[in-house]
Every structure is written in C-alpha cells, then in structure tokens.
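A.B. asks: Return a 3D structure for these sequence lines:
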Amino acid sequence: MLTLEMAIQKIQQFQPEQRNKIIEYIEFIEYQANKTTLKPIDTKSQKISFTEAAQEFVGCLDSDIEDLSHNPQYLKGFGE
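C.D. replies: Modelled structure (predicted):
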C-alpha cells in the first residue's frame, strides 16, 4: 500500500474535529512552503533621498484644507 493511501485510510478513521486539525496542519505546511523570504536591503549601496524613496506618496495629501488641528471649522464640534 502506498504511503498516501495509508495516510488517507488513517485520516478517514479520525473524528471530524481531528480531521479539521489535520487540514489546518497541512495548510500550515503549505503556507510555509509557499512563503517567500524577503532579502535584507543593503542600505549602504543604495543612497537615495527621502523624497526619492517617498516619491509615490508625494502630493497625495495636497489639498486646499489647512492643517485640521488649526482649522476652526473642524474644531467647532470639539469644545471650541
């Protein structure tokens, strides 16, 4: 009998709660096998300015509204 067939036969004998644990464990093993490891960034060889690093966010907060902490219209409902 193949190992897989033996495993299936044994799993079929477990109670539903135990089968659920087996499935969770299999999914955990699958997750570990598929997760990618991030390589550490070598910051010494990549010297860039903060503006260059945050370029995709530059301008995303531009608006005609001034700082809300000093905006009297915003503060009306908070005790002023």
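
A.B. asks: Could you give the number of residues near M6?
C.D. replies: For M6, the neighbour count with other Cβ atoms under 10 Å is 10. Bear in mind the C-beta positions are built from the backbone N, C-alpha and C, glycine included.

A.B. asks: wait, I meant R19
C.D. replies: 13.

A.B. asks: can you check I11 too?
C.D. replies: I11: 13 neighbours (other Cβ under 10 Å).

A.B. asks: Isn't it up against N20?
C.D. replies: No - I11 lies out of contact with N20 (Cβ atoms under 8 Å); the separation is 11.1 Å.

A.B. asks: After the lengthiest helix in the chain, which helix or strand is next? Please name it.
C.D. replies: When the chain is parsed with DSSP state H, its longest helix is helix 16-34. Using DSSP states H and E, the next helix or strand after helix 16-34 towards the C-terminus is helix 50-53.

A.B. asks: List the contacts of the longest helix of the chain.
C.D. replies: 11, 14 (Cβ atoms under 8 Å, 6 or more residues apart in numbering).

A.B. asks: State the mean pLDDT of it.
C.D. replies: The average pLDDT for helix 16-34 rounds to 91.

A.B. asks: Show me what counts as buried in that helix.
C.D. replies: Within helix 16-34, no residue counts as buried by 16 or more other Cβ atoms under 10 Å.

A.B. asks: mind saving the C-alpha coords of that helix as CSV?
C.D. replies: Presented in CSV, the C-alpha positions along helix 16-34 are these (Å, rounded to 0.1, in the frame of the first residue of the first chain):
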residue,chain,number,x,y,z
PRO,A,16,-14.3,15.4,12.3
GLU,A,17,-12.6,17.7,14.8
GLN,A,18,-9.4,15.7,14.4
ARG,A,19,-9.7,15.8,10.6
ASN,A,20,-10.0,19.6,10.8
LYS,A,21,-6.8,19.8,12.8
ILE,A,22,-5.1,17.7,10.2
ILE,A,23,-6.3,20.0,7.4
GLU,A,24,-5.1,23.1,9.4
TYR,A,25,-1.7,21.5,9.8
ILE,A,26,-1.5,20.6,6.1
GLU,A,27,-2.4,24.3,5.2
PHE,A,28,0.2,25.5,7.6
ILE,A,29,2.9,23.3,6.0
GLU,A,30,1.7,24.5,2.6
TYR,A,31,1.9,28.2,3.7
GLN,A,32,5.5,27.7,5.0
ALA,A,33,6.5,26.0,1.7
ASN,A,34,5.0,28.9,-0.4
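
A.B. asks: Right, I'll leave it there.
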